[in-house]
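> Quick check, what structure comes out for this input:
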Amino acid sequence: MKLTPEEKRKVVSCCNGNLIPDHDFDWVHNYPREWFQQKFDFIPDERLKEHLGDEFYQTRFAYALMQTLSLPMSKNKGIIKFQIIQYASICEALLNYTLEHYFKETFENQFAAVTFKKCSQALTEKTKITYDGKALYLCDTKSEKAKIEWTANPVKADFALENGILSETTKEKYCELYDLRNNAHILKAARADYYPKLKDASAAYELAIQFIEEIRAYFNAHTLNS
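You can find the predicted model right below:
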């Protein structure tokens, strides 16, 4: 059974009614997606701004659809999980971009890793070096710059706190959200016996709003460094 065009319009209209918490939004001359993209108007990268706005819009629309249909808990877990994953991803994208924009070289050098490679030609095959009964080997060392996108989120969050990008509360909530987001992995969720909860999705949305505002404040206060 399919919905009629009129029924579909009613569903979309109800979703739109719960989508934007702004009584001044001009529904006649603006699209809802534009409102969400404006939340990221401080981002210099136009393509990133467009993607962030669209991801935020899609996430809110899915939540509004769940509300409009009054889905029971047995049928809304997928949507709630989607909320948690999306808000964590939006926050991570903002954090990564901010670190790359302002602290790329500093971060890469501060968290650089030293790797060791055995110098196979340094000694003859018959020459052995031992210490305390254990074999020692001559190695070359190499410093490899850290990759922001590959660095653990708690490390990046601590760095953001130390450099005035995030507040202590937001930093802690972000780390908690990202740990919760990792329950998207079914094995991890099963071992923790975790099921997505509506309150988790609501908290993730509230954090995303606060996260955006703190990143915005940092960009606005450091425009000369951009």
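> outside of stretch 98-112, which residues touch it?
Defining contact as Cβ atoms under 8 Å, 6 or more residues apart in numbering, one finds that stretch 98-112 is touched by 44, 143-148, 151, 155-156, 159-160, 163, 165, 215, 218-219, 222, 225-226. Any C-beta I mention is one placed from the backbone N, CA and C, and that applies to glycine too.
> Could you rerun that using 6 Å?
Counting by Cβ atoms under 6 Å, 6 or more residues apart in numbering, stretch 98-112 makes contact with S143, K145, A146, I148, I165, I215, all of which sit outside it.
> Mind checking which of these are in helices?
I215 (DSSP state H).
> Can you tell me which of the contacts of stretch 98-112 are buried?
Neighbour counting over the contacts of stretch 98-112 (16 or more other Cβ atoms under 10 Å) leaves A146, I148, I165, I215 as the buried ones.
> Now render those as CSV, adding distance to D132 and pLDDT.
Compiled in CSV, those are given as follows (distance: Cβ to Cβ, whole Å; pLDDT from 0 to 100):
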residue, distance to D132, pLDDT
A146, 33, 77
I148, 40, 89
I165, 46, 97
I215, 52, 97
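> So which of the residues you listed is the closest to K199?
I215 (24.4 Å; Cβ to Cβ).
> any idea how far V12 is from Y63?
Distance, V12 to Y63, by Cβ to Cβ, to the nearest Å: 14 Å.
> Poorly predicted segments of the chain, please.
For the chain, the stretches with pLDDT under 70 are 27-28, 114, 116, 120-127, 138, 141, 143, 224-226.
> the strands in it, which residues?
113-118, 129-131, 134-136, 139-144 (DSSP state E).
> E50 is nearest to which of those?
Checked against Cβ to Cβ, the stretch from these lying closest is strand 139-144, at 32.8 Å.
> got the residue ranges for the helices in the protein?
With DSSP H as the criterion, the chain has helices at 5-17, 32-38, 46-69, 73-110, 153-162, 168-181, 186-192, 198-221.
> Can you point out the buried residues in the second one?
Going back to what we said before, that points to helix 32-38. P32, R33, W35, F36, Q37.
> The helices of the chain into CSV, with extra columns for distance to C139?
Below are the helices of the chain laid out as CSV (distance: least, Cβ to Cβ, whole Å):
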stretch, distance to C139
helix 5-17, 60
helix 32-38, 51
helix 46-69, 41
helix 73-110, 22
helix 153-162, 26
helix 168-181, 35
helix 186-192, 36
helix 198-221, 41
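> who wins for proximity to K118 among those helices?
Nearest to K118, of all the helices of the chain, is helix 73-110, at 25.6 Å by Cβ to Cβ.
> Tell me the buried residues in that closest one?
76, 79-95, 97-99, 101-103, 107-108.
> again, but for stretch 169-182
T170, K171, K173, Y174, C175, L177, Y178, L180, R181, N182.
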